[in-house]
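Enquirer: Got a sequence here, can you model it:
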Amino acid sequence: MSARPPAVDASLPAHTRAELDRFIDSLWLEHGLARNTLAGYRSDLTLFAAWLNARGTALPAARAADLAAYLAEFSLRAKPASQRRLLAAWRRYYRHLLANREIADDPTLMLDPPMPGQRFPKTLSEAQVEALLAAPDIDTPQGLRDRCMLEVLYAAGLRVSELIGLKLFAVSLDQGVIRVMGKGSKERLVPLGEVAADWIVRYVREGRPALLAGRQCDEVFVTRLGAGMTRQMFWRIIKQNAVVAGIPVERISPHTLRHAFATHLLNHGADLRVVQLLLGHADISTTQVYTHVARERLKQLHAKHHPRA
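Expert: Residues are numbered from 1 along each chain as shown. As a prediction, this is how the structure comes out:
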């Protein structure tokens, strides 16, 4: 189902590999976790199983002391986010075994997650967003497509995979919404806004037919080859337009406009729960990071404009 380190995986006993396959498949079938999440869990558990195997212990037989010793080594080379993912993989795996009565105790109960670092997502000011949106040359089919993609990305706060995977039938201009397939195959409806809707109308009428040249494609955003846009190509597009807009390329990625979408909504008074729904976050704790970004922006505005700041 998901990728794992081939050399490490091959060194494990066949029954351990089979057990991990069954566990990952159960996560996919029962919980619908995203493919990248499943791949991360599989990789984490494979490496841990190999570490245990070298010490003569099977993966299901690991005790709390084994987990603590491995985490101490792992934390020396891994970021807090990677450590939290490892703990999540452990908890799901050992609770799976406990539910199936394959173990008597959960060895993860006494483990504490690492403290989250103060790493806030990179975002853009509203002026920078306006400059980026204005950067493409809309007199060309490619430029019109690029402008439309940037407008939709910012208007709807999409992940890049959701943007490039957007199908024509998922766009409802009458209702002003798009139907998005997010992580874990979870569908949500996202408001589009009049400006982005107008750019879609213009692109579909003028730019898209010129790019397709009579060919057929279900995706909204297409290339000169008549195929759907790729993540790598859109990454280049956003970097190229950042240069035109005078934005440092190290400050921008396709995800930056998603961060800007959330931050600007909160700056203008949007409710955190609404932003969570729009972004498609399963847990509001994921959305709460944007409150820190918005708060820092408000502090800067206060310091700049208040006479007694």
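Enquirer: low pLDDT regions in the stretch 201-309 of the chain?
Expert: 282-306, 308-309 (pLDDT under 70).
Enquirer: Looks to me like L189 is in a strand.
Expert: Yes. Checked against DSSP: H, G, I helix; E, B strand; the rest coil, L189 lies within a strand.
Enquirer: can you pull the pLDDT of it?
Expert: As predicted, L189 sits at a pLDDT of 86.
Enquirer: Any chance of the backbone angles for the closest residue to F169 other than its chain neighbours?
Expert: Spatial nearest neighbour of F169, excluding adjacent residues (Cβ to Cβ, 6 or more residues apart in numbering): D218 at 7.6 Å. Placement of C-beta: from N, CA and C, glycine included. Torsion angles at D218 (phi, psi; degrees, to the nearest 10) stand at phi -80, psi -30.
Enquirer: can you pull the contacts of D218?
Expert: By Cβ atoms under 8 Å, 6 or more residues apart in numbering, the contact list for D218 reads K167, L168, F169, G228.
Enquirer: Now that we have these, which of them are buried?
Expert: In the contacts of D218, burial by neighbour count holds for G228, counting by 16 or more other Cβ atoms under 10 Å.
Enquirer: Show me how this protein divides into domains.
Expert: Domain assignment for the chain, taken from automatic domain parsing, gives 6-99, 126-305.
Enquirer: Specify the stretch among those that is closest to L109.
Expert: With Cβ to Cβ as the criterion, L109 lies closest to domain 6-99 of those, at 7.5 Å.
Enquirer: and that closest one, average pLDDT?
Expert: For domain 6-99, the mean per-residue pLDDT is 87.
Enquirer: what do you get for stretch 150-157?
Expert: Per-residue pLDDT over stretch 150-157 has a mean of 91.
Enquirer: Now do that stretch: everything it contacts.
Expert: Residues from elsewhere that reach stretch 150-157, judged by Cβ under 8 Å, 6+ apart: 129, 132-133, 136, 158, 160, 163, 166, 178, 180, 190-193, 195-196, 199-200, 238, 241, 254, 257-258, 260-262, 265, 278-279.
Enquirer: Spell out for me the PyMOL command that would select the buried members of those.
Expert: Buried members of those can be picked out in PyMOL with the line below, counting by 16+ other Cβ under 10 Å:
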select buried, resi 129+132+133+136+158+160+163+166+178+180+190+192+193+196+199+200+238+241+254+257+258+260+261+262+265+278+279
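Enquirer: Filter the contacts of stretch 150-157 down to just the ones in helices.
Expert: Of these, the ones assigned to helices by DSSP state H are 129, 132-133, 160, 163, 195-196, 199-200, 238, 241, 254, 257-258, 260-262, 265, 278-279.
Enquirer: those helices in the stretch 51-200 of the chain, which residues are they?
Expert: Ranges of helices within the stretch 51-200 of the chain are 64-74, 80-99, 126-133, 141-156, 160-164, 194-202, based on DSSP state H, counting those that start in this stretch.
Enquirer: how about the ones you listed, which one is nearest A39?
Expert: helix 80-99 (10.9 Å).
Enquirer: Could you list the buried residues of that closest one?
Expert: For helix 80-99, burial by neighbour count (16+ other Cβ under 10 Å) applies to 83, 85-94, 96-97.
Enquirer: got the angle for it vs helix 64-74?
Expert: Helix 80-99 runs at 160 degrees relative to helix 64-74, counting by axes from the mean of the first three to the mean of the last three Cα atoms, to 10 degrees.
Enquirer: other SSEs contacting helix 80-99?
Expert: In terms of contacts (3 or more Cβ pairs under 8 Å, 6 or more residues apart in numbering; DSSP states H and E), helix 80-99 is packed against helix 14-31, helix 35-53, helix 64-74.
Enquirer: most packed of those?
Expert: Highest mean neighbour count of these: helix 35-53, a mean of 19 (counted as mean count of other Cβ atoms under 10 Å).
Enquirer: Extract the C-alpha trace of that one and format it as PDB.
Expert: Output of helix 35-53 as PDB, limited to C-alpha atoms (Å, rounded to 0.1, in the frame of the first residue of the first chain):
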ATOM      1  CA  ARG A  35      -1.300   8.000   1.200                       C
ATOM      2  CA  ASN A  36       1.600  10.100   2.400                       C
ATOM      3  CA  THR A  37       0.600   9.600   6.000                       C
ATOM      4  CA  LEU A  38       0.400   5.900   5.500                       C
ATOM      5  CA  ALA A  39       3.900   5.900   3.900                       C
ATOM      6  CA  GLY A  40       5.300   7.900   6.800                       C
ATOM      7  CA  TYR A  41       3.800   5.500   9.400                       C
ATOM      8  CA  ARG A  42       5.100   2.500   7.400                       C
ATOM      9  CA  SER A  43       8.600   4.000   7.200                       C
ATOM     10  CA  ASP A  44       8.700   4.900  10.900                       C
ATOM     11  CA  LEU A  45       7.500   1.400  12.000                       C
ATOM     12  CA  THR A  46       9.900  -0.400   9.600                       C
ATOM     13  CA  LEU A  47      12.900   1.500  11.000                       C
ATOM     14  CA  PHE A  48      11.800   0.800  14.500                       C
ATOM     15  CA  ALA A  49      11.200  -2.800  13.800                       C
ATOM     16  CA  ALA A  50      14.700  -3.100  12.300                       C
ATOM     17  CA  TRP A  51      16.200  -1.400  15.400                       C
ATOM     18  CA  LEU A  52      14.300  -3.900  17.700                       C
ATOM     19  CA  ASN A  53      15.300  -6.900  15.500                       C
END
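Enquirer: This completes my enquiry, with thanks.
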